[in-house]
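Q: Sharing a sequence plus its predicted fold:
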Amino acid sequence: MDKAWIKEPTKSQAYKVGVESFMKYASITAVQGTIPCPCLKCCNLKRWACEVVHGHILVHGFLPGYTTWTFHGEEVSSQYDTPYMKKMQSKTQPKNKLNFKVAGAKFIGMLNSISYFSLCG
Ligand SMILES: [Zn+2]
């Protein structure tokens, strides 16, 4: 998916069209009608109804580094290839790593816990 729009000005047409595509993508993973808000103020830490998130992204802007939408159903595998994630992994203790994975799975519902625990075994 093309996410170049994330870096476009919030008032540009490309940005608005991109937000629409994000909303379509993210709404699939909505839980009780709410999704984590990837605007600059909420940083995926708060959940709102899709319409509210839509408004936030248009007004506050989209998190510039959030190009792999792991909180909204996108696979995490590509994220681990980035230097940032490698740095995080090398610094993170196993316990925290588990928490991170569990937190991610809670949101995306895609973690295969059996394969994860067998890797740890
Ligand atoms: Zn927000």
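A: Okay, I see it. Since the structure is predicted, the reported quantities are computational estimates derived from the model, not experimental observations.

Q: quick one: residue 51 and residue 7, what's the gap?
A: The span separating residue 51 from residue 7 equals 24 Å under the rule Cβ to Cβ, to the nearest Å. C-betas here are computed from N, CA, C, even on glycine.

Q: who's more crowded, these two?
A: Remark: of residue 51 and residue 7, residue 7 carries more neighbours, 13 against 10, as counted by other Cβ atoms under 10 Å.

Q: Identify the residue nearest residue 29 in space, chain neighbours excluded?
A: Taking Cβ to Cβ, 6 or more residues apart in numbering, and ignoring the residues beside it in sequence, residue 29 has residue 73 as its nearest neighbour in space, at 4.1 Å.

Q: try residue 28
A: Using Cβ to Cβ, 6+ apart and skipping residues adjacent in sequence, the residue nearest residue 28 is residue 73, 6.1 Å away.

Q: Dihedrals phi and psi, the one you found?
A: Reported as degrees, to the nearest 10, the phi and psi values for residue 73 are phi 100, psi 0.

Q: same question, residue 49
A: The phi and psi torsions at residue 49 (degrees, to the nearest 10) take the values phi -60, psi 150.

Q: can you check residue 47 too?
A: phi -110, psi 140.

Q: tell me, how many neighbours does it end up with?
A: Residue 47 has 18 neighbouring residues, counting by other Cβ under 10 Å.

Q: now residue 1
A: Neighbouring residues of residue 1 were enumerated by other Cβ under 10 Å; the total is 10.

Q: The helix or strand residue 21 falls within near the ion anywhere?
A: Assigned by DSSP states H and E, residue 21 belongs to helix 13-27. No. Counting by Cβ under 5 Å from the ion, the ion has no neighbours in helix 13-27; the shortest distance is 12.2 Å.

Q: near the ion, which residues of this protein?
A: Remark: the part of the chain in contact with the ion comprises 37, 39, 42, 56, using Cβ under 5 Å from the ion.

Q: Give me the average confidence score over stretch 36-50.
A: Along stretch 36-50, the predicted confidence averages to a pLDDT of 98.

Q: start to end distance for that stretch?
A: End-to-end distance of stretch 36-50: 9 Å, with Cα to Cα, to the nearest Å as the criterion.
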